[in-house]
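K.L.:
sequence plus the predicted model coming up.
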Amino acid sequence: MPKKKALIIGAGIAGIATAIRLAVKGYAVEVFEANSYAGGKLSEFEKDGFRFDAGPSLFTMPQYVDELFKLAGKQQSDHFNYQKLDVTCNYFYEDGSKIIAYADADKFAAEVSKVTGETTASIKKYAANSRNIYNITNHVFLERSLHQIKTYLNWATIKSIFRLPQIDAIRTMHKANTVYFKNDRVVQFFDRYATYNGSNPYAAPATLNVIPHIEQHFGAYFPAKGMYSIITSLVDLAESLGVKFHYNALVEEIILEKFKAKGIKVNGELIEADVVVSNMDVWFTYHKLLKNHPQLYPQKVLKQERSSSALIFYWGINKQFAGLDLHNIFFSANYKAEFDHIWQQKYIYHDPTVYLNISSKFKADDAPKGCENWFVMINVPANTGQDWDKLIADARQNILTKLSKNLGEDISKLVISESILDPRGIESKTSSYQGSIYGTSSNSQFAAFLRHANRSSKINNLYFCGGSVHPGGGIPLCLLSAKIVSEWIGW
Ligand SMILES: Cc1cc2nc3c(=O)[nH]c(=O)nc-3n(C[C@H](O)[C@H](O)[C@H](O)COP(=O)(O)OP(=O)(O)OC[C@H]3O[C@@H](n4cnc5c(N)ncnc54)[C@H](O)[C@@H]3O)c2cc1C
């Protein structure tokens with residue numbers, strides 16, 4: 001019997017993972033990628049002797065990558081290696097204090113208590129709540145489709161549904177955090193986890209307080225060859241299973257026959273298939289690839305608020321800083337004002353929280369001797385036509401001033417190489433509507449239910465994976481979307 005054929009639009013991490021899973025199932029899989037490289041948001045580049053991971057820098061839940069090697073019958077450690085971090089992140093506050101987030105739970109609680117005066121008991125109580133939310137939501141919201149009847153016929157789901165009142169969906173993250181903690185710095189520390197999926201802690205439900213559990217319980221990791229090696233090793237794995245990748249292959253249209261996806265159009269050529277999976281942002285999938293079928297658009301779903309975007313300066317720094325680690329955060333003095341600027345005014349606050357990632361701390365050849373590769377990122381609103389050139393110029397100055405003050409050194413004099421990525425660039429490089437980095441925001445209790453399903457309810461044989469659909473953005477959730485899609489497709 002000839003193999004069934006699956007076509008995947010986009011070689012983002014979810015597209016690659018879906019390709020692997022479908023190839024393992026026996027499908028003949030082809031991936032069409034508009035760029036000349038795989039990875040989408042998860043990409044890398046080199047400049048002036050520095051190597052930068054251009055997008056994600058925090059690697060959590062590596063077990064979802066391992067699972068793909070296992071499925072394919074390969075030993076992951078022969079192809080992809082990573083190490084667990086002892087220190088997850090350094091947090092610098094504007095009052096000069098610093099919290100070192102140790103991976104070890106006891107050490108972490110003792111550190112927070114020492115710096116802020118919160119009790120270790122309150123920190124552990126918070127961790128237990130985070131774990132409880134994870135145990136309830138994992139089955140219902142993350143590992144399964146919310147749009148498939150069989151999800152609700154599962155005993156684990158039924159048990160979780162009975163426990164839903166415990167997931168703290170009514171109040172906001174910030175509100176819950178102020179009840180758990182007296183100290184503003186601890187509240188700010190835990191509020192920041194809203195940004196892990198591009199949301200606002202002053203609006204997002206306290207259910208998102210599950211995120212610290214992902215990082216603190218399961219840990220944060222560093223891939224030995226840098227973040228981009230997640231992509232290269234998975235593309236190698238996919239190719240070893242017979243998956244064909246086509247680069248510089250912009251898909252122009254999804255071809256329908258009645259209410260069924262029949263194939264795709266690439267460079268004017270029609271390629272037929274049994275199944276089409278879009279890893280392209282769902283908003284653009286409809287508006288570009290199905291533009292002749294507006295009657296099939298899930299209008300309410302496509303109107304959902306987008307997640308925040310990012311502004312990144314990739315700086316080659318002509319010095320090494322012993323006080324910095326792989327992940328570093330320099331908090332703003334007024335977090336509420338910062339988020340009001342991002343979400344209400346759609347603007348950049350003059351004192352933004354700065355995230356500084358330095359992969360050369362773990363991978364020395366990412367920077368020339370005596371230098372460091374700084375990935376300097378701030379959260380910014382999605383692109384709705386702001387004057388980005390002006391905003392970038394102001395933000396650059398404000399970031400340099402803030403880092404110089406915190407590190408006691410004029411950083412502007414140390415920048416020997418610079419590249420910049422802003423929401424416009426994210427939108428054009430990866431076809432992400434408004435340059436949002438996590439698809440839609442989670443700023444409401446209903447967000448999880450209003451995220452697009454992994455299958456079209458109106459077009460047969462059309463499936464969706466990636467950060468703009470269920471269960472959401474970020475590497476782990478994108479990998480779970482691939483799992484849900486491949487299980488749904490069946491054989
Ligand atoms: C700056 C930044 C920092 C981030 N930090 C983190 C982090 O630390 N940790 C984390 O877990 N996540 C992080 N993320 C989020 C994470 O990168 C994304 O959630 C994830 O990589 C998205 O993967 P995806 O599968 O949805 O596809 P995408 O990466 O969005 O890729 C989609 C692909 O589809 C292709 N495509 C689109 N349209 C077409 C078409 N018509 N034809 C052919 N190809 C097409 C695009 O070219 C692209 O390659 C970050 C993202 C950014 C941008």
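P.N.:
Nice, thanks for sending it over. Values in this document were obtained by computation on a predicted structure and should not be read as measured data.
K.L.:
tally of neighbours for the residue in the stretch 101-250 of the chain that the ligand sits nearest to?
P.N.:
Residue of the stretch 101-250 of the chain nearest the ligand, by Cβ to the nearest ligand atom: residue 250 (4.7 Å). Bear in mind the C-beta positions are built from the backbone N, C-alpha and C, glycine included. For residue 250, the count of nearby residues is 13 (other Cβ atoms under 10 Å).
K.L.:
may I have the phi/psi pair for it?
P.N.:
Dihedral angles phi and psi of residue 250 (degrees, to the nearest 10) take the values phi -80, psi 120.
K.L.:
cool, and residue 173?
P.N.:
phi -60, psi -50.
K.L.:
residue 182 versus that one, what's the distance?
P.N.:
Residue 173 is 17 Å from residue 182, where distance means Cβ to Cβ, to the nearest Å.
K.L.:
tell me the spacing between the closest residue to residue 268 other than its chain neighbours and residue 286.
P.N.:
In this structure, residue 268 finds its nearest non-sequential neighbour in residue 252, 7.7 Å apart by Cβ to Cβ, 6 or more residues apart in numbering. From residue 252 across to residue 286, the span is 14 Å (Cβ to Cβ).
K.L.:
show me which of those two is the more surrounded one.
P.N.:
Per other Cβ under 10 Å, whichever of residue 252 and residue 286 has more neighbours is residue 286, with 23 against 14.
K.L.:
so who does the more buried one touch?
P.N.:
Counting by Cβ atoms under 8 Å, 6 or more residues apart in numbering, residue 286 makes contact with 296-298, 302.
K.L.:
nearest to the ligand, of those?
P.N.:
Distances from the ligand to the contacts of residue 286, taken by Cβ to the nearest ligand atom, are shortest for residue 302, at 15.9 Å.
K.L.:
so the closest residue to that closest one other than its chain neighbours: helix, strand or coil?
P.N.:
In space, and not counting its chain neighbours, residue 302 is closest to residue 283: 5.7 Å by Cβ to Cβ, 6+ apart. Recorded secondary structure, residue 283: helix (DSSP: H, G, I helix; E, B strand; the rest coil).
K.L.:
need the residues of the protein near the ligand, please.
P.N.:
Residues of the chain that fall close to the ligand, judged by Cβ under 6 Å from any ligand atom: 9-15, 32-35, 40-42, 55-58, 250-251, 279-280, 310, 312, 426, 430-432, 437-438, 466-467, 473-475, 478.
K.L.:
quick one: the helices in the stretch 101-250 of the chain?
P.N.:
105-116, 120-137, 149-152, 155-162, 173-180, 184-191, 211-216, 228-240 (DSSP state H, counting those that start in this stretch).
K.L.:
next, the angle helix 184-191 makes with the fifth one.
P.N.:
Okay, so that is helix 173-180. Here helix 173-180 runs at an angle of 140 degrees relative to helix 184-191 (axes from the mean of the first three to the mean of the last three Cα atoms, to 10 degrees).
K.L.:
alpha carbons of helix 173-180, as CSV, please.
P.N.:
Provided in CSV are the C-alpha atoms of helix 173-180 (Å, rounded to 0.1, in the frame of the first residue of the first chain):
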residue,chain,number,x,y,z
MET,A,173,-1.5,36.4,38.9
HIS,A,174,-0.4,39.7,40.5
LYS,A,175,-3.3,39.6,42.9
ALA,A,176,-2.5,36.1,44.0
ASN,A,177,1.2,36.9,44.4
THR,A,178,0.4,39.8,46.7
VAL,A,179,-1.6,37.5,48.9
TYR,A,180,1.3,34.9,49.0
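K.L.:
chain center to it, what's the gap?
P.N.:
The chain centre lies 24 Å from the centre of helix 173-180; the measure is Cα atoms, centre = their mean, to the nearest Å.
K.L.:
swap in the last one?
P.N.:
Taking Cα atoms, centre = their mean, one finds the center of helix 228-240 at 19 Å from the center of the full chain.
K.L.:
can you name every helix or strand that that helix contacts?
P.N.:
Packing contacts for helix 228-240, counted by 3 or more Cβ pairs under 8 Å, 6 or more residues apart in numbering; DSSP states H and E, involve helix 13-25, helix 63-71, strand 244-246.
K.L.:
go with 7 Å
P.N.:
In terms of contacts (3 or more Cβ pairs under 7 Å, 6 or more residues apart in numbering; DSSP states H and E), helix 228-240 is packed against helix 13-25, helix 63-71.
K.L.:
which of the contacts of residue 286 are buried?
P.N.:
Those of those that meet the buried threshold are 297, 302, by 16 or more other Cβ atoms under 10 Å.
K.L.:
so where is the protein shaky, pLDDT-wise?
P.N.:
The chain contains residues with pLDDT under 70 at 153, 491.
K.L.:
longest helix in it, by number of residues?
P.N.:
Assignment by DSSP state H gives helix 388-407 as the longest helix of the chain.
K.L.:
what lies in contact with that helix?
P.N.:
92, 311, 313, 321, 330, 348, 350-352, 354, 376, 378, 410-412, 420, 422-424 (Cβ atoms under 7 Å, 6 or more residues apart in numbering).
K.L.:
if we can go back for a sec, got a list of what the closest residue to the residue of the stretch 101-250 of the chain closest to the ligand other than its chain neighbours touches?
P.N.:
Leaving aside its sequence neighbours, residue 250 sits nearest to residue 34 (Cβ to Cβ, 6+ apart; 4.2 Å). By Cβ under 7 Å, 6+ apart, the contact list for residue 34 reads 249-250, 431.
K.L.:
could you export stretch 15-22 as CSV, CA atoms only?
P.N.:
Included here for stretch 15-22 are C-alpha records, laid out as CSV according to Å, rounded to 0.1, in the frame of the first residue of the first chain:
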residue,chain,number,x,y,z
GLY,A,15,6.5,21.7,12.2
ILE,A,16,9.7,19.7,12.6
ALA,A,17,8.3,17.7,15.5
THR,A,18,5.1,17.0,13.7
ALA,A,19,7.1,15.8,10.7
ILE,A,20,9.0,13.4,12.9
ARG,A,21,5.9,12.1,14.6
LEU,A,22,4.1,11.5,11.3
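K.L.:
now what about that stretch, what contacts it?
P.N.:
Contacts of stretch 15-22 (Cβ under 7 Å, 6+ apart): 6, 8, 29, 31, 38, 68, 71-72, 231, 234-235, 237-238, 241, 243, 277, 279, 465-466, 479, 482-483, 485-486, 489.
K.L.:
please apply the same query to stretch 480-491.
P.N.:
Under Cβ under 7 Å, 6+ apart, the answer for stretch 480-491 is 14, 17-18, 21-22, 25-26, 64, 142-145, 148, 275, 277, 454-455, 463, 465-466, 469-471.
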